[in-house]
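1. Would you be able to build a 3D model of this:
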Amino acid sequence: MASDSINKVVIEGRLGSDPDVKPMPSGDVIVNISVATEEAFKDRTGKERKETEWHQIVAYKSLAKAMAGDLRKGLKVNVEGRLKTQRWNDRQGEPKSRKVIVALSYEIVVQGGRNKKQSDAQSSRANAPNQGRYSSGRKGAYTPSSSSSEFDMDSGIPEDF
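-> Have a look, this model is predicted:
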């Protein structure tokens with residue numbers, strides 16, 4: 001079914017802590033990460049200021065397993081996903097909600113430029129990471145980048161999102 005709207009988020013920043021890994025009874029895992037982005041600007045007085053924004057990101061299934069093995073506090077990552085509102089009732093029965101990014105793919109940003117690397121969840125952790133991007137696409141397939149400087153925004157986004 002075609003849609004006339006887009007729900008796409010791209011965040012590039014540093015992990016504030018190691019991934020929070022939650023095992024599920026099915027054997028799958030859910031991973032939650034917090035990524036900080038910074039914006040530098042001058043305030044009204046001309047003084048340089050930095051503002052940090054924290055982004056809550058959640059990943060499921062094979063993408064979550066790959067993130068749990070690859071990511072550590074302080075790493076710079078590029079995460080693509082979609083915005084979702086999580087809703088629940090607190091202990092007093094009051095409705096609560098928060099916005100999170102549901103990760104669809106991620107890359108570890110290599111120091112010294114826009115070259116990116118990321119490991120394939122299906123490959124051995126003993127091998128060096130493959131060049132490219134890990135995507136949670138329909139088959140959880142690894143998609144090599146055609147060029148390390150290109151960034152394909154649509155790669156790995158399932159058609160039914």
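2. What is the neighbour count of residue 4?
-> When neighbours are defined as other CB atoms under 10 Å, residue 4 has 4 of them. Where C-beta positions appear, they are placed from N, C-alpha and C, glycine not excepted.
3. typo on my end, it should be residue 71
-> For residue 71, using other CB under 10 Å, the count is 22.
4. same check, this time on the one 5 residues further on
-> If you count neighbours by other CB under 10 Å, residue 76 ends up with 15.
5. So it versus residue 20, what's the distance?
-> Between residue 76 and residue 20 the computed distance is 19 Å (CB to CB, to the nearest Å).
6. now do residue 103
-> Where residue 20 is concerned, residue 103 sits at a distance of 13 Å (CB to CB).
7. What of residue 13?
-> Applying CB to CB, the value for residue 13 to residue 20 is 17 Å.
8. Among these two, which residue is more densely surrounded?
-> residue 13 (20 against 12).
9. hang on, that one packs against residue 77?
-> Yes - with contact defined as CB atoms under 8 Å, residue 13 reaches residue 77; the gap is 7.2 Å.
10. Find the residues that touch each one of the two.
-> Residues touching both residue 13 and residue 77 (CB atoms under 8 Å, 6 or more residues apart in numbering): residue 35.
11. And the pLDDT at residue 150?
-> You'll see residue 150 listed with a pLDDT of 38.
12. just checking, residue 65 touches residue 29?
-> Yes - between residue 65 and residue 29 there is a contact at 5.8 Å, judged by CB under 8 Å.
13. just for this structure, where's the confidence low?
-> Filtered on pLDDT under 70, the chain yields the residue ranges 1-2, 112-161.
14. elements contacting the helix or strand containing residue 52?
-> Using DSSP states H and E, residue 52 sits in strand 48-60. Other helices and strands packing on strand 48-60, by 3 or more CB pairs under 8 Å, 6 or more residues apart in numbering; DSSP states H and E, are strand 9-15, strand 29-42, strand 95-109.
15. Kindly export that strand (C-alpha atoms) in CSV.
-> Output in CSV follows, covering the C-alpha atoms of strand 48-60 (Å, rounded to 0.1, in the frame of the first residue of the first chain):
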residue,chain,number,x,y,z
GLU,A,48,29.9,30.1,21.6
ARG,A,49,27.5,27.5,23.1
LYS,A,50,27.0,23.8,22.7
GLU,A,51,23.7,22.1,23.2
THR,A,52,23.5,18.3,23.6
GLU,A,53,20.4,16.4,22.6
TRP,A,54,19.9,12.7,23.8
HIS,A,55,18.1,10.3,21.5
GLN,A,56,16.6,7.0,22.7
ILE,A,57,16.9,4.2,20.1
VAL,A,58,15.5,0.7,20.3
ALA,A,59,16.5,-2.3,18.0
TYR,A,60,14.9,-5.7,17.6
